Each structure stands twice: as structure tokens, then as C-alpha cells.
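Visitor: Return atomic coordinates for the entry below.
(chains A and B)
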Amino acid sequence: MHRPDDPALVSAIADAVAGALAEAEVTLPPDVEQAIREAHGRERDPVAKGELGNIIENIALAKKGKTLICQDTGIPVVYLTLPPGVPYTSAIGEAVARGVRVATERIPLRPNAVDPCTRKNTGDNTGPGIPAIHVKPGDELTVTVLPKGAGSENVSRIGMLLPTRTKEVAQFVVETVALAGAKPCPPVILGVGIGSTFDGAAALAKEALLLPVDTMDPFERELCDAVNSLGIGPMGLGGDTTALAVKVKKGACHTASLPVAVNVQCWACRRATRVVEGWR
Amino acid sequence: MTDLATPLGKEILSLRAGDRVTLSGTVYTARDEAHLRMQEEGIPFDPRGAVVYHCGPVVAGDRIVAAGPTTSARMDTLTRFLIDAGVRGIIGKGGMGREVVDLLRGRAVYFAFTGGCAALAASRMRLLGVHYPDLGMAEAVWVIGLDHLPLVVGIDAHGNDLFRKAREEAKAQCQARFHTG
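Guide: Below you'll find the predicted structure:
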């Protein structure tokens, strides 16, 4: 059993988190950039095409100038996989938070974390429950960051549907986007969680945003086409491209339940993964 | 593509929703707090023909690092005094409420700038000055020189609103697909 409060381990995790954030905030993952380029190629509406062209130019400028893709640098969501022999402890949680604080100062990131009631800013993008940390067992020690902007998070929805009405899952997904309109900075990527529990469905929906967007199964494709038929378009100005992709994750659920969660993500689906090395 | 420059005048009346334009000249950033301060204490710049940008930029020294638009709808009830004072253009994202669409008639236009494009915006900007620095970086009124910022006329001076059109289309599509109403 590795000692989880080993200073070498704590430093390696903090460095990996800070490094992953530095990458995610500046460079969009290749699958997301490719999806935007393909949408730009397909788009028939001249205004929408112009908006997608601006996004492509923005991605290139951020990468070249090593500057932020968007000024809403998001709230930090972090996924960890821990190999056998490394237990999840408060020391590891603190290492992740340290990485976020370092990134906030170094990149720098906009301090977005506040107390939910007093609205007082903590100043360093950490606080109770933030960064949100999700832990799973794995073969390697990895950190994945998903800095999440507020515009798209705010229009995300969860529904506890009637278990006999599985057909309404698609309706719930499409209506979520219709209600959101221009607010989430479309074109969006949708993470959909179906099944599990009330909280589990939301967790699945967010995990679905980590999946590559260059493939969709037939159900995901059907949902994506239905969303694109809405005509909301990039930035809500109208057009063919409302969603770049829909990704679905499912879990078993109670026979009397049908939870469905839709986590909406703006076009800037920023994520990056680092394998944590040099601590053994 | 029409190239516009501040101060804006009667030329805005010939713009139509959906026109793609570029804007050069001086603009002033303003979010919620700046609107409240200006309403109370008066507008700290010459508003005649001016353009207000709904934006809380990231500024480092004398340089604008990131300056994408913020959601304009938050300023729906804080816009009348600006238009009455002669402001002729608003830049933001997501569009504005029906009361603002009516307010703009015959007087001003709303330009959409692509949400999230903070680096693109910064590449067309030069920092010229600041009002209300005490409000903090995001809420201060920054005076910015623009060089051909690419924009779309989202709401024109004749009541045409691309956002409303897209919203209504989405609602109709949803109702037709799922037979709701």
C-alpha cells in the first residue's frame, strides 16, 4: 500500500492537475475542434457559418498565443483514476485542490468559486465541494479536468420520468435544448445520463461529456439530428448547427424510476488528461 | 460585409437583422454594476453615437487578454437610459428582451459577437482607458479601440430579431415533433 500523504505523490498530483488545466483552458481537444470544422463545412446558413468561422479562428488564436479560449474559465471538475495500492484519502483531495489553486494563479484563471448564499468569492477557485472530484479505480493514476462554464451548466436539467414512457427520453433531451435557446453558447455538446438514481443520472451525464465526440451510436445520432432540427443555430442566431454531438451513458435503475439528466456543454468542451508519474 | 465605425449615425437604420458587419473605433464595456453606476451618476463618456459592449474582460497591465461577450438579457431593464442618451449600438450575446427590441426601433441596433471567442476579440482590441476601476476588473467600464471586430446584426432598428425568430422556430419544431402544445 502506497502512503497517500507521501509528499512526492501529493506534488505529482497537484502538478498534473495544474498542467491539465493549463492545457484545457488554451487548447481544445482535437475531436471537438474537428467536430466544429465539420459543422462549419456542412452549415448552409451564412450567419451560422460566420459564427462557426469565428469559433475556428478563436481556437487557432488561443492555441498560437497560448491564451484563454474563453474568459469564463469555468468551475473545476476533476476525475481521478487510482491504481491498486493507492487509496483515496483527504490528502489526495487536498493535492487536487492545490493543483487548482496553482493553476488559478499561474495561468491565470478567473476566480469563479463563491459561497452559494453570501456570494463571497473564495478567490482561488476552491471551496467546500469544489473542485468537484470523482474517483474511480484504474490501472494507472490519472487526472482528467473538465473546467465547466456557467452558461451551459445553468440550462442543464434532470427529470424523473414515468418508467412506462421511455419514448419521452428523447423529448426531454430535445426540450432541454429548445428551452435553453442562445443561453448555453451553442453549438452545444450534450451529455445525457439515463437511469441510475437522481444523483447518479447527473453524474453519468457529466461523465458522458468526457467521451470523444467523433463517434455516435444510432441512438445518439438520432438525438443529435432531432436537436439540430430545432434550428437554434450557433449563438441562437439560427442555422443547421445547434449540437455538435450527443453522448449517452446508461445505468440500471429502480423498476419504478426513469431518471434522465442532460448536462449541456458549450462548444468550448475543454478537457485534458494527465498520467501522474514520478511518485513511486 | 459592411465596415462600420464609431460614432454610429443614421447608417445603422439601413442595417437589417442577419447582416454581417465589422466595427472599428471606440467602444465601452459595461455589465450589471456599471449600468447601475451610470444610471445613478451619469454616463462617463459621450453617449452620442456610442457603442456599449456587454463584456467583463480579463486585462493584464495595459493589454486586453480575453474579452468575449456576456449574456445581454441581464441588462434588459438597464438599457433605456443609454438609448435615450444617444447610444446607437449594443454588442453582446444571446439577444435582449422584447422591451429592448422596441426601444431600439428607429434609434439603435444590437450586434451579436460570438460567445466564448475571447481570444478573437482580444486580437482586434487596444486598451484606451478605464472608468470606475473601483468596480473591479469584470465590472469596470473599459474604453477599447476596435479594429474590424466581426459582428452580426442580431436585432435591427426595425424590430427584426434573429434570436426571437430562432426561438419561435425551435418551439414550433418541438411541438410538431412531440405533439405537445
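Visitor: ok, which stretches of the chain are strands?
Guide: No chain specified, so I'll use chain A. A:77-82, A:132-137, A:142-145, A:157-161, A:188-195, A:243-251, A:258-265, A:272-275 (DSSP state E).
Visitor: that's the other chain; I wanted chain B
Guide: B:2-5, B:20-29, B:51-53, B:58-60, B:63-66, B:89-92, B:109-112, B:125-131, B:141-155.
Visitor: Serialize the strands of chain A to a markdown table and add fields for distance to B:D102 and mean pLDDT.
Guide: (Each C-beta comes from the backbone N, C-alpha and C, glycine too.) Shown next, in a markdown table, are the strands of chain A (distance: least, CB to CB, whole Å; pLDDT from 0 to 100):
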| stretch | distance to B:D102 | mean pLDDT |
| --- | --- | --- |
| strand A:77-82 | 41 | 98 |
| strand A:132-137 | 42 | 98 |
| strand A:142-145 | 44 | 98 |
| strand A:157-161 | 31 | 98 |
| strand A:188-195 | 30 | 98 |
| strand A:243-251 | 32 | 98 |
| strand A:258-265 | 30 | 98 |
| strand A:272-275 | 46 | 98 |
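Visitor: Mind putting the ones you listed into a markdown table with mean neighbour count and distance to A:P111?
Guide: Listed next are the strands of chain A as a markdown table, based on neighbours: other CB atoms under 10 Å in any protein chain shown; distance: least, CB to CB, whole Å:
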| stretch | mean neighbour count | distance to A:P111 |
| --- | --- | --- |
| strand A:77-82 | 21 | 16 |
| strand A:132-137 | 14 | 16 |
| strand A:142-145 | 24 | 16 |
| strand A:157-161 | 17 | 27 |
| strand A:188-195 | 26 | 25 |
| strand A:243-251 | 22 | 29 |
| strand A:258-265 | 26 | 22 |
| strand A:272-275 | 17 | 20 |
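Visitor: Mind putting those into TSV with distance to chain B?
Guide: TSV is the format used below for these (distance: least, CB to the nearest CB, whole Å):
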stretch	distance to chain B
strand A:77-82	18
strand A:132-137	22
strand A:142-145	18
strand A:157-161	13
strand A:188-195	11
strand A:243-251	12
strand A:258-265	11
strand A:272-275	17
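Visitor: Which one of those lies nearest to A:D15?
Guide: Counting by CB to CB, A:D15 lies closest to strand A:272-275 out of the strands of chain A; the figure is 8.4 Å.
Visitor: Can you give the strand pairings for the closest one, parallel or anti for each?
Guide: Strand A:272-275 has the following strand partners under DSSP bridges: strand A:142-145 (antiparallel).
Visitor: tell me the contacts of the nearest residue to A:T73 once chain neighbours are set aside?
Guide: Distance criterion CB to CB, 6 or more residues apart in numbering or on different chains; nearest residue to A:T73, sequence neighbours excluded, is A:L109 at 4.1 Å. The neighbourhood of A:L109, defined by CB atoms under 8 Å, 6 or more residues apart in numbering or on different chains, consists of A:21, A:25, A:73, A:103, A:125, A:147.
Visitor: Which residue ranges of chain B form helices?
Guide: Taking DSSP state H as the test, the helices found in chain B are B:32-41, B:80-85, B:98-104, B:118-123, B:162-178.
Visitor: Give the residue spans of chain B that score low on pLDDT.
Guide: When residues are selected by pLDDT under 70, those of chain B lie in B:181.
Visitor: near chain A, which residues of it?
Guide: Applying CB under 8 Å from any CB of the partner chain, we find that chain B lies next to chain A at B:18, B:20, B:56-58, B:65-68, B:71, B:93-95, B:112, B:114-120, B:122-123, B:138, B:150, B:152, B:154, B:162-163, B:165-167, B:169-171, B:173-174, B:177-178, B:180.
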